[in-house]
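Student: Here is the input, now give the coordinates:
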Amino acid sequence: MSAPYAKALDELARQAQGGDRAALEGLLRGLQDQLYRLSLRFLGRAEEARDATQEISILVITQLSTFRGESSVSTWAYRVASHHLLRERKQTRKFSFESLEADLSQPPNAIEPDLLASAEQRLLEEELFLGCTQAMLNSLDVPQRIAFVLGAVLDLEASECALVLEISEVAFRKRLSRARRTLDAFVAKHCGVANPENPCRCGYQVNYARSQGRLDPLRFRFAQATDQTSLEALQTFGEIKRVRRSLELYRAQPIARAPEDFAEHVRAMIESVRTLSVS
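Tutor: Numbering: from 1, shown residues only. Predicted coordinates for the structure are as follows:
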């Protein structure tokens, strides 16, 4: 986030604390994309991320009086969001690197014709790639996952991440380092995107993923129709530099935007409550 934009959000926060409702809505709109990205990467499902972002937006409103300006309001909002995600949200499915390794052991095979009749092969492979990398994130233990999402996926400075998680910068760097080592080791051994010498290919997993109910060619969870998918962009590089394997896999992926105007939803909820209280 650029310094001028961060200062603009800080000013909106101060105005909102003074009772300016337009400033409050502006603040929520300025924060909603980054809060949604954090929720999406931590939880892994768009529906859960949407619900979590709305809940976090309400917390930002109700707790805004506690913002003292000791950090940027963006950092403060990340702290509110991280605490909520770590405290309230539960995984609906247990992930592990062992189960993921078994899922990725499919032998070479051609994508079934009915799938190709429903969606382009490049998008089917992108869906598998994005879903697989999200499953890797969800296989990390929770402290490492939140550290990797903040420090590697969202690319926040270590000092800011330490403030968000309320731990020392040294402790944060250790968590992030452990997460990167775990992911790097897994992709180095299995991922054909990170290392073309590995036998795994996203296309080989498509049929199996559909049979397990993890892929619907008519309703992708991750892939979007674009001129170049993130998988295609990565494949143009060949083998990713060993020291940046996990970083490159995630940073090449699309930047998620909030799917709706959470500020408008929250404003409507507040007005509804006020109307009920008056009547």
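Student: so where's this protein uncertain?
Tutor: For the chain, the stretches with pLDDT under 70 are 1-4, 89-94, 237-244, 269-279.
Student: Could you chop it up by domain?
Tutor: Residue ranges for the domains of the chain, per automatic domain parsing: 1-92, 94-254.
Student: Tell me the gap between the shortest one and the middle of its chain.
Tutor: Distance, stretch centre to chain centre, for domain 1-92: 15 Å (C-alpha atoms, centre = their mean, to the nearest Å).
Student: Begin at 46, not 1, for the rest of this chat.
Tutor: In the new numbering, first residue 46, that becomes domain 46-137.
Student: Output the domains of the chain in CSV; the columns should cover mean neighbour count and distance to A308.
Tutor: C-beta coordinates here come from the backbone N, C-alpha and C atoms, glycine included. Formatted as CSV, these follow (neighbours: other C-beta atoms under 10 Å; distance: least, C-beta to C-beta, whole Å):
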stretch, mean neighbour count, distance to A308
domain 46-137, 18, 4
domain 139-299, 17, 21
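Student: For H310, find the nearest of those domains.
Tutor: domain 46-137 (6.1 Å; C-beta to C-beta).
Student: packing partners for whichever strand or helix holds R167?
Tutor: If you go by DSSP states H and E, R167 is part of helix 166-184. With contacts defined as 3 or more C-beta pairs under 8 Å, 6 or more residues apart in numbering; DSSP states H and E, the packing partners of helix 166-184 are helix 66-88, helix 142-148, helix 187-193, helix 214-235, helix 251-256, helix 275-280.
Student: Could you dump the domains of the chain into TSV and include distance to A313?
Tutor: Shown next, in TSV, are those (distance: least, C-beta to C-beta, whole Å):
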stretch	distance to A313
domain 46-137	11
domain 139-299	27
